[in-house]
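*Asks:* show me how the following folds:
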Amino acid sequence: MRPGPRNLITDVAGLRVGNAEDHHIRTGSTVLLGERPFVAGVNVMGGAPGTRETDLLAPDRLVQEVDALVLSGGSAFGLDAASGVADGLREMGRGFAVAGQRVPIVPGAILFDLDNGGDKAWRENPYKGLGRAALAGAAADFALGTAGAGTGATTQGLRGGLGSASVVLESGLTVGALVAVNAVGSVVVPGSRAFWAAPWEMGDEFGAVPLPQQFRPSHEPAPSKAPGAATTIAIVATDAALTQAQATRLATAAQDGIARAIVPSHTPLDGDLVFAAATGAKALADPGGDAYRLGHAAAVCLARAIARAIFHASPLPEGDGFPAWCRL
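*Replies:* Next comes the predicted model:
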């Protein structure tokens, strides 16, 4: 297992990512776009999720593929980012064909960033425009850290952000992860610069800071945010040909990556959610063994992507009580 050439989710061929942000509001949106519709699944483990179109990702639903997936800031307002993406896709002629119309299928999830000091006194919801701008900017290379859906994100004591990572398996299958980290919990060991995800780091992709030889995790961590004011939302993707049921299992396995990288995770105060996307470019040569390896790879990628989000976060000029990891 090794990182892909970009170490981004776009190492999965046929996928692009677009970011759009507003630093005055301190928020943004991110879209994952496929060259063609792709199979998707979802798993929700947090207690305070905010979602759009996730019910149709169940394996027994009529629609088996989606056109894009959206991650956004803005709490419930941010769900409108997917509407902007849908508008743009419809203009491209994309969407599920029904009754002579094209209906883009765009599931999404949001995080809460309404209390981060940005100017939230808008008169018109800005997220539809942010979603459309993110779609327009979709490309193979994209910014990490204080970008897209991670622009206004925070974690316990540190700035959050947008992260991504990838691996290529010995079988030739590729797995990638994309995540916006806005967690109640901490991504670093208390009193240190070391990431909880350090055992899964590849090279020096997030600083190569080793875990302290002796440390004691906090047994009774205090919540750093109010109920409903946090979440980690993510996408894992592969070029493997998966059914919707298999994609759902991939999303479930990837949740382990959140647990490895954020302490505590999956709390009642978070809306932790993972989408899975499968482009179907490569058949599974060994369905049982490959599914096993894909799940592990998804968890590893997501843990690394979470650390990379915080590693790449930029400090704010005026400060807001949440320093960037680079300033520790």
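
*Asks:* in the stretch 151-300 of the chain, which spans are strands?
*Replies:* 161-168, 174-182, 231-240, 273-282 (DSSP state E, counting those that start in this stretch).

*Asks:* which one of the ones you listed lies closest to Val42?
*Replies:* strand 273-282 (5.1 Å; CB to CB). Using the backbone N, CA and C atoms, a C-beta is placed for each residue, glycine as well.

*Asks:* tell me which other helices or strands the closest one touches.
*Replies:* strand 27-44, strand 65-72, strand 231-240, helix 244-261 (3 or more CB pairs under 8 Å, 6 or more residues apart in numbering; DSSP states H and E).

*Asks:* that strand pairs with which strands, and in what direction?
*Replies:* strand 27-44 (antiparallel), strand 231-240 (parallel) (DSSP bridges).

*Asks:* so for Val17, which of the helices and strands packed on strand 273-282 sits nearest?
*Replies:* Closest approach to Val17 among the helices and strands packed on strand 273-282 is made by strand 27-44 (5.6 Å; CB to CB).

*Asks:* partners of the next helix or strand after that closest one in the sheet?
*Replies:* Beyond strand 27-44 in the direction of the C-terminus, DSSP states H and E gives the next helix or strand as strand 51-52. Neighbouring strands of strand 51-52 in its sheet, by DSSP bridges, are strand 108-110 (antiparallel).

*Asks:* looking at the closest residue to Leu79 other than its chain neighbours now. What's its pLDDT?
*Replies:* Spatial nearest neighbour of Leu79, chain neighbours left out: Arg52 (4.9 Å); criterion: CB to CB, 6 or more residues apart in numbering. At Arg52, the model reports a pLDDT of 94.

*Asks:* then His219?
*Replies:* According to the prediction, His219 has pLDDT 61.

*Asks:* same question for stretch 23-30: list its buried residues.
*Replies:* Ile25, Arg26, Thr27, Gly28, Ser29, Thr30 (16 or more other CB atoms under 10 Å).

*Asks:* same question, stretch 183-194
*Replies:* Ala183, Val184, Gly185, Ser186, Val187, Val188, Val189, Ala194.

*Asks:* what's the farthest-apart pair in these?
*Replies:* Longest span within the buried residues of stretch 183-194, CB to CB: Val184 and Ala194, 19.5 Å.

*Asks:* distance-wise, check Gly131 relative to Thr146.
*Replies:* Noted for Gly131: a distance of 19 Å to Thr146, by CB to CB, to the nearest Å.

*Asks:* ok, these two, which is more surrounded?
*Replies:* More crowded of Gly131 and Thr146, by other CB atoms under 10 Å: Gly131, with 32 against 24.

*Asks:* give me the contacts around the strand or helix carrying that one.
*Replies:* Under the criterion of DSSP H and E, Gly131 resides in helix 127-136. Contact partners of helix 127-136, identified using CB atoms under 8 Å, 6 or more residues apart in numbering, comprise 18-22, 27-31, 33, 68, 70, 72, 74, 77-85, 87-89, 148.

*Asks:* show the buried residues in those residues.
*Replies:* 18-22, 27-31, 33, 68, 70, 72, 74, 77-85, 88-89, 148.

*Asks:* wait, isn't Gly18 in contact with Gly28?
*Replies:* No: shown here, Gly18 and Gly28 do not form a contact pair, counting by CB atoms under 8 Å, at 10.6 Å.

*Asks:* touching both of the two, which residues are there?
*Replies:* Joint contacts of Gly18 and Gly28 (CB under 8 Å, 6+ apart) are Ala134, Gly148.
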